[in-house]
Every structure is written in structure tokens, then in C-alpha cells.
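*Asks:* take a look and give me a structure for this.
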Amino acid sequence: MRKLFFIPVLTAGLLASTLLPTGGLTGTAAAAMEVTAVPAQSEVNPALPNVVILATGGTIAGSSSSNTDTTGYKAGALGVETLINAVPEMKMLANVSGEQVANVGSPNINNTILLQMAQRINELLASEDVDGIVITHGTDTLEETAYFLNLVVKSDKPVVVVGSMRPATAISADGPFNLYNAVKVVSTPEAQGKGVMIMLNDRIGSARYITKTNTTAVDTFKSVEQGYLGAVVGDKVLFYNEPTRKHTTESVFDISGLTELPQVDILYEYQNNGRYLYDAAAAAGAQGIVVAGSGNGSMSSASSEGAEDAGEKGIIIARSTRVGSGTVSSSSSDLARNFVSTDSLNPQKARILLMLALTKTKDAAQIQSYFNEY
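*Replies:* You can find the predicted model right below:
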């Protein structure tokens, strides 16, 4: 019997004694941990590509005392070595090695981790010995990390971010096959030059267009309007579309010398809201504010007053929408108020682009051009 699906059906006692890393860091304390590496498989096949798996924690590395628990588990309980050993079939696709760059639930991924991860990815991809990267990640903020990497990775080599909706201990855990498919995609020559991709539920999505749409469903990641890049069907990786916005090697954003990113906050529009959150963001040092506006990026009169006052202080106001899809159109009065529209980016991705834009300029017109191009 093959070992691929042994981890999801382990009993709690066996899991604790055989899989959980001893002395390993979990939770927010792991954010500052040193990178630990898993050596490449002992029998290297020169005919196969070399793929590095960077693990950050999340549900795909989660565990619970019950194999029917899909919501109350501990994220980031398992290390990268356990994830790799759980899917030995990957070694038929590529020469696989791994590094643990963090071990947290994805809500605890912060700018420090993003910068360290991106810099490590660029270092690895610059080597002739590395042909592609897979990042294991929690799904809650997976799209933010993927879009960040889409803007700052400086290589055409494939990068795939993968996660799961069910922990490794669940009866029907989706993580092992998602990971297998991610390595399969990275190992496919046609994956070159497509920017950073997201692989879950047999579908390949562009980091620019795909988003999490359901709290717990396995098919949560969808690209509703722009569509998917492709899919994994049986033993084949099929690509149907190309990302049209600038990414990776076409991007002007360079994080090689950065140790921090500008503060950008997200404020949500709703009935009867006030301006005090805009005042608070400005007082707290925000250089940019993304508005999750109602409808086409609209704001109440109170919000507009707060946003305009923030704009007069030099803070960039990026109008997005809480709707979930659609493009926020620009207004003729936007630039005069230090406002920009975010095109079809949702608020969380708009924050990522605005942070990077502010490392280049504070000119609203130039920042608007970035939202038009990326």
C-alpha cells in the first residue's frame, strides 16, 4: 500500500508521537525563526527539475486530535519535512528539497516575513540549481502573499503558492494532493513566465486574479471574472489563459534592499460610519489608506471628509470596493485629492500594491499608473 494518504487518517495519539516536530516553533513566535532546511532527496535524477518547497505553516500543516475536525485544528503544527515525506510521489516529478521559513497561521504573516520570503525566493531562483519554487501557506491571506510575490520576484521560473482547506489530520485532507499538483505545475515547462500562481482544488489561478470566496469550502479559491490560468486533469497540466498585467521580471518593484514596508491601512465603508478611523490612521502614521468602498468605491460624506483631510496630509487614498468583484472607475477629481482607483483589485491586494508603490513614489498620478498596469 502506498503511503501518500497515511497522514490524514492517523489517530491523534500516533500523530502526536510520530509527526509533530519536537521543540518546533508554532504561532507568532515562529515569525522570527531561522530558516531550517530539508536536504534534497538522496537519489537525484538529473533528468528531473529541482524544486524547493518553502513552508510557512497554515492549514496544510495543521493538526487536530480528531480526524473529523476541519475547523478547530492548530495551524502550522507540522514541519516541511513531514509535508514532503507525506507525498513521496512528488519525487517522481522533481528533485525536491524544503525549507521552513515560518510556521504560523496565515493571519500572522506580516511584512517582515513577506520581505524575508521574497528575498529568499529571489536568491534561490538566481541559482542554476533551482528550477522552481512551491510555497505552502495558510489560505486566509494566501492571495496577499501570492500577489506580493507576483510583484517582487525577479525570475520567469515558476512559483506556485499552495494551501489546503482541511488540516493534515482530517479524513479527507486536501493538502497532500494540492502539494503534489503544485510540484507538478512547477515542474511543467509551460509554467515558465506566467507570474506567481495559486494551486488548489485542481485549478491553477493567477495571483492577480484569484481570491478566497468561501470560509470553509474546499473549492473556495475562484477567479470569477477573469478566469483561471488552467487546471490539472489526471496526469496533465493544462494551461488555457495568460496573465495580462505586469508581473515578476516586468515589475519595477525591488525589495532586495528593503527591511520594512510603508504602513497602509484598510478601512471599510458602511452605513452611518464616521471620519474618526481616517483620523486615527493618519495619526498612527499611515502613508496610504485603502477604502473598501460600497459599490463603485463610493464613500459617505463623513468618510470623504476624513479621506480628503488625510489626502491633504500627503496620504494616498486608494478606492477599492467591498462588493467582491468589478472594477472601480476613476474620477476626474481623484488625483487633486490624492485619491487613486484600484482597478479590479480587492482591498487586500490593493494594500499590497499600494505598499510597494509607496516605496517608489508618493505622486498620486504615478501610483494610479501602477494600478492601471499591475
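*Asks:* for the record, mean pLDDT for stretch 84-99?
*Replies:* Here stretch 84-99 scores 97 as its mean pLDDT.
*Asks:* pull out the buried residues from that stretch.
*Replies:* Residues 84-87, 90-91, 93-99 are the ones in stretch 84-99 that count as buried (16 or more other Cβ atoms under 10 Å). In short, each C-beta sits where N, CA and C put it, glycine included.
*Asks:* of the residues you listed, which belong to helices?
*Replies:* Counting by DSSP state H, the buried residues of stretch 84-99 place 84, 85 in helices.
*Asks:* quick check: the farthest pair among the buried residues of stretch 84-99?
*Replies:* Distance extremes for the buried residues of stretch 84-99: the farthest pair is 93 and 99 at 18.5 Å, using Cβ to Cβ.
*Asks:* hang on, residue 310 is in a helix, isn't it?
*Replies:* Yes. According to DSSP: H, G, I helix; E, B strand; the rest coil, residue 310 belongs to a helix.
*Asks:* got the contact list for it?
*Replies:* 278, 279, 281, 282, 286, 289, 317, 338 (Cβ atoms under 8 Å, 6 or more residues apart in numbering).
*Asks:* of the residues you listed, which belong to helices?
*Replies:* Going by DSSP H, the helices hold 278, 279, 281, 282 from these.
*Asks:* any chance of the residues you listed in JSON lines, plus pLDDT?
*Replies:* Output for the ones in helices among the contacts of residue 310, formatted as JSON lines (pLDDT from 0 to 100):
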{"residue": "278", "pLDDT": "98"}
{"residue": "279", "pLDDT": "98"}
{"residue": "281", "pLDDT": "98"}
{"residue": "282", "pLDDT": "98"}
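*Asks:* just the buried ones among the contacts of residue 310, please.
*Replies:* For these, buried by 16+ other Cβ under 10 Å: 278, 281, 282, 286, 289, 317, 338.
*Asks:* find the nearest non-adjacent residue to the first one, please.
*Replies:* Sequence neighbours aside, residue 306 is the residue nearest to residue 278 in space, at 3.0 Å (criterion: Cβ to Cβ, 6 or more residues apart in numbering).
*Asks:* for residue 106, give its distance to residue 146.
*Replies:* Separation of residue 106 from residue 146 (Cβ to Cβ, to the nearest Å): 11 Å.
*Asks:* please enumerate the shared neighbours of those two.
*Replies:* Common contacts of residue 106 and residue 146 (Cβ under 8 Å, 6+ apart): residue 137.
*Asks:* who has more neighbours out of these two?
*Replies:* residue 146 (27 against 23; other Cβ atoms under 10 Å).
*Asks:* so which strand or helix has that one?
*Replies:* If you go by DSSP states H and E, residue 146 is part of helix 142-152.
*Asks:* which secondary structure elements does that helix contact?
*Replies:* helix 111-125, strand 159-162, strand 196-200, strand 211-212, helix 347-357 (3 or more Cβ pairs under 8 Å, 6 or more residues apart in numbering; DSSP states H and E).
*Asks:* ok, and for the first one, which residues are buried?
*Replies:* For helix 111-125, the buried set under the neighbour-count rule, 16+ other Cβ under 10 Å, comprises 111, 113-122, 124-125.
*Asks:* next secondary structure after it?
*Replies:* strand 132-136.
*Asks:* can you tell me what sits against that next one?
*Replies:* 49-58, 60-61, 80, 83, 94, 117, 121, 124-125, 145, 149, 157-163, 179, 182-183, 186-187, 191.
*Asks:* at 7 Å what do you get?
*Replies:* 49, 51-56, 58, 60-61, 83, 121, 124-125, 157-163, 179, 182-183, 186-187 (Cβ atoms under 7 Å, 6 or more residues apart in numbering).
*Asks:* again, but for stretch 119-129
*Replies:* Contacts for stretch 119-129 (Cβ under 7 Å, 6+ apart): 35, 50, 52, 101, 130, 133, 149, 153-155, 157, 159, 255-256.
*Asks:* lowest-confidence entry in those?
*Replies:* Ranked by pLDDT, these bottom out at residue 35, which has 63.
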